[in-house]
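A.B. asks: fold the following and give me the result.
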Amino acid sequence: MIQGPSEGVTRRAFVIGTAVSLFVGLGVILGDNIVRGSGMARDFASPIALFILFVLVAVLNPVMGWLRRPWHLSTAEVTLVYIMALAAATIPSMGLTSFFIPYLTGARYYATPENRWADVFMPHVPDWLVPQDPRAIQDFYEGNPQGAIAWDAWLPSLMAWAPFLLALYMVMIAAMVILRQQWMQHERLQYPLMQPSLALIAQEKGRLLPPLFRYFSFWIGVSIPFTVGCFIALHDYDPSVPDIPLDTALPFFPRTTYVLPSLSFATVGFTYFLSRDISLGIWLINLIAKMQEGTLEYLGVSSNEHMEWVTVPLLGHQSMGAMFVFVFWGLWMGRRHLRAVFRKAFRGDDQVDDSAEMMSYRTAVFTLLGGSGFMWWWLCQTGLAPWAAGLTLFVAFVIFIGLTRMVAEGGFFITRAPMNPGNFMVSGFGVEALGGQGVTALGYTFVWAGELRIFLMAACANALKLAEEHIGGRRRVLLWAILVAVLVSAIGSIWMQVALGYSHGAINLSGFFRGLVHYPFNFTSRNILNPAGPNWTGWIWTAYGGGLMGLLMWLRQRYLGFPIHPMSLPISSMWMTDAIMLSVFLSWLIKGLILKYGGPGLYQKGKPFFVGLVIGQFVSMGFWVIVDYFTGMTGNQVYKLIYE
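C.D. replies: Predicted coordinates for the structure are as follows:
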């Protein structure tokens, strides 16, 4: 019999989770900078967390139980360890550290007479915001022969950022506590990214291994991507081993743009757990967006705007309009629940039960309000005008909530914001309104709201789903577990990143210190040197995107059989959606055939196989990062995206 929610979490699970969090923080930095292998913590699926979970339930936990039965971790304990790994994985790579350290130091190191950064924007940077010692920064980028770390140059700015980041993470957690019941119980979102994890965590009484492992189809699913990954990895060791290309670029409509078909076994696996209207919407709306992009190119309709991480600015504006409507539509649908939350917070309404939450509603609401107020004040200190600081936070949290909803409902394990808050503010309100100091401050928001491929809010949403399924009783300890995981991962990853810089020279490490390091400073200098007013064309496209999203959402609500969920419209025009489109289409087609000819019974029987596809890909990625570390191989990326 499969166990349901078991007893509460224990001290040993908390200790193991803390150790795992430290491993994640240190290991991801080593993997990204020394091995330079597959990205294990760059996206919402957090492959490193699932890899650790697989090793735990397949090897470590059974061995502990075999040696001494009381050592075997319960489902609640395994769940806590995995939740802490999920939270920890949001920090060391694109979630924070890999942007944080380069962006704190890159302006001073890369400033030249040609780019004029020293004159254009660096005088606007507060002294407390970034390290000031030129020698310490040079030694970090070029290496220090003695290997000594100039912590006295780093600590003031690190400590200045710490309160803001803590407030940011607390507000993210509070927002998910407030929305959990609406998403999980009232709307019954599917949380597809957690389906493989839930299958691995499940236990049967009296058995050491998960019941999932008894299905032969699961191991077939694991073996396919693992074998393909081995061929890809071994080809880098020995070119005579056949390579298996999984992606390409093809001209499209009519040769004015490109599609990027890519086979991702993990995407095929995750998509199997989506409703067919969502998966249909992902690939069909992306195809229409590519046709729209090609039409604009063919007609010569373009924008002179340049935006970091945005391929077609006009479609970026359209996507932002769709994002706003998507988020506000969801909040409007949950208005009754939100009213209940605020009644509980301000009036103590006894009819509203928040005992199952990891924060009381009162704590969550006041954390949301107080944390937002502190972040607004902190952003003002960096140089943003009060109105601009407030709007920047507003736009950022619209994006955070929107992407988190897409992860929880649509299973997007790889995506990002259609436009970051900095570019939105400059395009929407113009440089003159923001001022040079304001534009400079917006550049530094790229630390926490730049590419937005992974962040704590989405991990917290998924963690609450796991807790709902596998952790019984009061769950207030989850808050401390998540905060400890984030803190340990942050300290470990920042220390490792700085230490590697001084020992190896940061310019010899990952591409974050050579390419992406320029993004916020190019953004700032470009906009200050070429100031533009509000982009009214952009606002028109934003309104169009919002109107289109509103129409599609209304049609879906009005007509029960409407076949397309428009959730993917806000991210339909970006290359990451291009890259997953083929895999989503294949999974949508396969699931449709299974349901048509085999019915719900065959669909249920197919689940272990598709879970295996996800686990096989992520285990292959983790396995080869470890092998490459010990063999000294670098740049051996298994299952990388076409532009990575």
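A.B. asks: for the chain, which residue occupies the most central location?
C.D. replies: The centroid of the chain falls nearest to I454 when counting by C-alpha atoms, centre = their mean (1.7 Å).
A.B. asks: for that one, give me its contacts.
C.D. replies: For I454, the contact set (C-beta atoms under 8 Å, 6 or more residues apart in numbering) comprises 41-44, 46, 89-90, 93-95. (Glycine included, C-beta is placed from N, CA and C.)
A.B. asks: which of those residues fall in helices?
C.D. replies: Among those, DSSP state H puts A89 in helices.
A.B. asks: any chance of CSV for the contacts of I454, columns neighbour count?
C.D. replies: Below are the contacts of I454 laid out as CSV (neighbours: other C-beta atoms under 10 Å):
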residue, neighbour count
A41, 31
R42, 24
D43, 24
F44, 27
S46, 32
A89, 31
T90, 29
S93, 27
M94, 23
G95, 32
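A.B. asks: phi, psi of F328?
C.D. replies: phi -70, psi -30 (degrees, to the nearest 10).
A.B. asks: swap in L280?
C.D. replies: phi -60, psi -40.
A.B. asks: do V638 as well
C.D. replies: Per degrees, to the nearest 10, the backbone of V638 is at phi -90, psi 130.
A.B. asks: same question for A356.
C.D. replies: Dihedral angles for A356 - degrees, to the nearest 10 - are phi -90, psi 0.
A.B. asks: swap in P145?
C.D. replies: phi -60, psi -30.
A.B. asks: how many other residues sit next to it?
C.D. replies: 9 (other C-beta atoms under 10 Å).
A.B. asks: next: the one 5 residues further on.
C.D. replies: Here the neighbour count serves as a burial measure; for A150 (other C-beta under 10 Å) it reads 17.
A.B. asks: residues in contact with the nearest residue to it once chain neighbours are set aside?
C.D. replies: Among residues not flanking A150 along the chain, A136 sits closest, at 3.7 Å (C-beta to C-beta, 6 or more residues apart in numbering). By C-beta under 8 Å, 6+ apart, the residues touching A136 are 150, 153-154.
A.B. asks: still on that earlier bit, nearest to L250, of the contacts of I454?
C.D. replies: Of all these, D43 has the smallest distance to L250: 23.7 Å, by C-beta to C-beta.
A.B. asks: chain neighbours aside, what residue packs nearest to that closest one?
C.D. replies: I414 (4.4 Å).
A.B. asks: and the helix or strand harbouring Y103, C-alpha only, in CSV?
C.D. replies: Using DSSP states H and E, Y103 sits within helix 97-110. Extracted as CSV, the C-alpha positions of helix 97-110 are listed here (Å, rounded to 0.1, in the frame of the first residue of the first chain):
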residue,chain,number,x,y,z
THR,A,97,25.2,34.1,-7.6
SER,A,98,26.2,33.7,-11.3
PHE,A,99,24.7,37.2,-12.0
PHE,A,100,25.3,38.7,-8.6
ILE,A,101,29.1,38.5,-8.4
PRO,A,102,29.8,39.6,-12.1
TYR,A,103,27.4,42.4,-11.9
LEU,A,104,28.8,43.8,-8.7
THR,A,105,32.3,43.9,-10.2
GLY,A,106,32.1,44.0,-13.9
ALA,A,107,31.6,47.7,-14.5
ARG,A,108,34.9,48.6,-12.8
TYR,A,109,36.9,45.8,-14.4
TYR,A,110,35.6,46.2,-18.0
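A.B. asks: who's in contact with the helix or strand just after that helix?
C.D. replies: Moving toward the C-terminus from helix 97-110, the next helix or strand (DSSP H and E) is helix 117-120. Defining contact as C-beta under 8 Å, 6+ apart, one finds that helix 117-120 is touched by 107, 110-111, 521, 524-525, 528-529.
A.B. asks: tabulate the CA atom coordinates of the helix or strand following helix 117-120 in CSV.
C.D. replies: Counting by DSSP H and E, the next helix or strand C-terminal to helix 117-120 is helix 134-142. Taking Å, rounded to 0.1, in the frame of the first residue of the first chain, the C-alpha atoms of helix 134-142 are listed here in CSV:
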residue,chain,number,x,y,z
PRO,A,134,40.3,48.3,-7.9
ARG,A,135,43.1,45.9,-7.0
ALA,A,136,40.8,43.5,-5.3
ILE,A,137,38.6,43.4,-8.4
GLN,A,138,41.5,43.0,-10.8
ASP,A,139,42.9,40.1,-8.7
PHE,A,140,39.5,38.5,-8.8
TYR,A,141,39.2,38.6,-12.6
GLU,A,142,42.8,37.8,-13.4
